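Asker: for reference, the sequence and a predicted model appear below.
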Amino acid sequence: MRMTVADVMTTEVVTVTAATPFRDIAEALVTGGVSAVPVIDEDHHVLGVVSEADLLRKEEFREQFCREGYRPPMRARLRHPGALRKAGGDTAAELMTSPAVTITAGAAAVEAARLMDAHDVRRLAVVDYNGRLEGIVSRRDLVKLFLRGDAEIAAEVRDDILDRALWVNTDGVRVTAEHGVVTLSGWMERRTEAAIAVRMTGRVNGVVGVVDELAWKQDDSTWQGR
């Protein structure tokens, strides 16, 4: 039931070294059809990441288009700390954002999504426990989780949650899925068990939403705390 980064990440990664010059980085991005590349050392440890945005700083703050001594507005400097330094960079070491935001292959896919949101990045370098590069996971990779077929989602809810995880009688529960929205209908013995079933269904990869149409025989919610 738990989809990991390893299930969705890309393992064929375009990389550069700290000494890679500006033009070669640009060529790697264009040729590889990617928006960023990890910077690695000779042992494949991740040192940082260079993105298209990092390269574009050179154009954004190029003095030949501005008066001598030009300084970008305060809001631009605050929004892109280190932008002027990167604008003058000629190698990956001078252009990269470091340290890179990384994650391990065994981490949950939802953890990758939260990490991207927390750091406002579009991709994460996937590393082993020694910091060596194993792949890249991007927002696009995570979006693919929502493209799972309805039949596959419904089968996982039935098999992994209702029949295995709950350890209660779920013979009266029906599971249907349409466009990623799962409907649970029928009955369960207790109200709290039905609530758990709904909550766990919402955690299945690919589930967009859960419609709760479950009835129950005993309202045990009032027993809590007694």
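Answerer: Great, that's in hand.
Asker: so where's the protein uncertain?
Answerer: For the chain, applying pLDDT under 70 flags the ranges 1-2, 58-89, 223-226.
Asker: could you grab the helix/strand/coil label for the most centrally placed residue in it?
Answerer: Closest residue to the average C-alpha location of the chain: Ala113 at 3.2 Å, with C-alpha atoms, centre = their mean. Secondary structure assignment for Ala113 (DSSP: H, G, I helix; E, B strand; the rest coil): helix.
Asker: who touches it in this structure?
Answerer: Arg139, Leu142 (C-beta atoms under 8 Å, 6 or more residues apart in numbering). No exception for glycine: its C-beta is placed from N, CA and C like everyone else's.
Asker: just the helices in the protein please.
Answerer: When secondary structure is read from DSSP state H, the chain shows helices at 5-8, 22-32, 52-60, 74-79, 83-87, 92-95, 109-119, 139-143, 150-156, 191-201.
Asker: can you tell me which of those is most buried?
Answerer: helix 92-95 (a mean of 22; mean count of other C-beta atoms under 10 Å).
Asker: who does it touch, helix- and strand-wise?
Answerer: Counting contacts by 3 or more C-beta pairs under 8 Å, 6 or more residues apart in numbering; DSSP states H and E, helix 92-95 packs against helix 22-32, strand 46-51, helix 83-87.
Asker: got the angle for the second one vs helix 22-32?
Answerer: Put simply, strand 46-51 runs at 80 degrees to helix 22-32, going by axes from the mean of the first three to the mean of the last three C-alpha atoms, to 10 degrees.
Asker: what's strand 46-51 in contact with?
Answerer: So strand 46-51 is contacted by 16, 18, 25, 35-41, 92-93, 95-102, 123, 125, 127, 131-133 (C-beta under 8 Å, 6+ apart).
Asker: if we go to 6 Å?
Answerer: Strand 46-51 is touched from outside by 25, 36-41, 92, 95-98, 100, 125, 127, 133, with contacts defined as C-beta atoms under 6 Å, 6 or more residues apart in numbering.
Asker: before I go, just wanted to say thanks for your time.
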